[in-house]
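J.: quick one: sequence plus predicted model below, questions after.
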Amino acid sequence: GQQVMQIPQYQHVQEGEDFTTYCNSSTTLSNIQWYKQRPGGHPVFLIQLVKSGEVKKQKRLTFQFGEAKKNSSLHITATQTTDVGTYFCAGPPGTSGTYKYIFGTGTRLKVLA
Amino acid sequence: NAGVTQTPKFQVLKTGQSMTLQCAQDMNHNSMYWYRQDPGMGLRLIYYSASEGTTDKGEVPNGYNVSRLNKREFSLRLESAAPSQTSVYFCASISGGNTGELFFGEGSRLTVL
């Protein structure tokens, strides 16, 4: 079945440093979504990428979708303590009509002030 | 708007007991999902319902049953709870198709003794 891995599993950074998490799927994805989960909270949608090679920015966050639609990355510039949480990628496989959203293993970010 | 509502928020069961987790959404979404999240782990898909009247297995369906009661409600049943089912359960919904934002409930924390 479809597997979605993320690296690294954990990342501790000093406030102001950059952070990147990588997402790799065993199958082609129809689209890729990114979610953030604060400690004790529920996942909250950040963004969706649909097109091969797509790049989107949200303030300090940059998201990329790979050319083969099997991988993605999230880059945070100049981290802040508010960035603390676990970041998940998710997406349904590329088969038409599939609604099976599989989540990546997640990257837990800790920002040290 | 309440969004996605899950009940109960907390539950303690003894091994072998049964229970049903309830989920309701008021956003007129077509597709609904049940995930489980173990401590420090990612989200694993248990079952999903692409539309009213349909349900499909996810990554970890064993030991669970679901019912899509109507468009609003999607319940998850544990027939004979086991300690391995101790987890936080999240319900989510999406407006339709295999694209769009997943909206999550606050989660139901289940402990099986």
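T.: Done, it's in.
J.: any idea what A:Val111 is bridged to?
T.: Taking DSSP bridges, one obtains A:Val13 as the residues bridged to A:Val111.
J.: next: B:Val88.
T.: Those that pair with B:Val88 in a beta bridge, by DSSP bridges, are B:Gln37, B:Arg109.
J.: if I pick it, what's in contact with it?
T.: Under the criterion of Cβ atoms under 8 Å, 6 or more residues apart in numbering or on different chains, the neighbours of B:Val88 are B:Arg36, B:Gln37, B:Asp38, B:Gly107, B:Ser108, B:Arg109, B:Leu110. Bear in mind the C-beta positions are built from the backbone N, C-alpha and C, glycine included.
J.: for A:His42, same thing?
T.: When contacts are counted by Cβ under 8 Å, 6+ apart, A:His42 touches B:Phe90, B:Phe104, B:Gly105, B:Glu106, B:Gly107.
J.: any idea how far the fourth one is from A:Pro43?
T.: Just to be clear, that refers to B:Glu106. Using Cβ to Cβ, to the nearest Å, we find B:Glu106 at a distance of 11 Å from A:Pro43.
J.: also the last one?
T.: According to Cβ to Cβ, B:Gly107 stands 10 Å off from A:Pro43.
J.: are there residues contacting both of those two? Which ones?
T.: Residues touching both B:Gly107 and A:Pro43 (Cβ under 8 Å, 6+ apart) are B:Phe90.
J.: of these two, who's got more company?
T.: Under the neighbour definition other Cβ atoms under 10 Å in any protein chain shown, B:Gly107 and A:Pro43 were set side by side, and A:Pro43 has more, 28 against 21.
J.: now that one: how far from B:Gly16?
T.: Separation of A:Pro43 from B:Gly16 (Cβ to Cβ): 31 Å.
J.: got phi/psi on B:Ser93?
T.: Recorded main-chain torsions at B:Ser93 are phi -140, psi 160, according to degrees, to the nearest 10.
J.: hang on, isn't it packed against B:Glu101?
T.: No. In this structure, B:Ser93 is not within contact of B:Glu101 by Cβ atoms under 8 Å, at 9.7 Å.
J.: neighbour count: these two, which is higher?
T.: Between B:Ser93 and B:Glu101, counted using other Cβ under 10 Å, B:Ser93 has the larger neighbour count: 28 against 16.
J.: who are the contact partners of that one?
T.: Applying Cβ under 8 Å, 6+ apart, one finds that B:Ser93 lies in contact with B:Val4, B:Gln25, B:Met27, B:His29, B:Ser31, B:Met32, B:Tyr33, B:Phe74, B:Leu102, B:Phe103.
J.: okay, buried residues for the strand or helix carrying B:Leu76 please.
T.: Using DSSP states H and E, B:Leu76 maps to strand B:74-78. Across strand B:74-78, burial judged by 16 or more other Cβ atoms under 10 Å in any protein chain shown covers B:Phe74, B:Ser75, B:Leu76, B:Leu78.
J.: any idea which residue sits dead centre in chain B?
T.: What sits nearest the mean C-alpha location of chain B, by Cα atoms, centre = their mean, is B:Trp34, with 2.9 Å.
J.: list the strands paired with the helix or strand of chain A with the lowest mean pLDDT, with their directions.
T.: For chain A, the helix or strand with the lowest mean confidence is strand A:102-103, at a mean of 94 (criterion: mean pLDDT, DSSP states H and E). Within its sheet, and counting by DSSP bridges, strand A:102-103 is paired with strand A:85-91 (antiparallel).
J.: that concludes my questions; thank you for your assistance.
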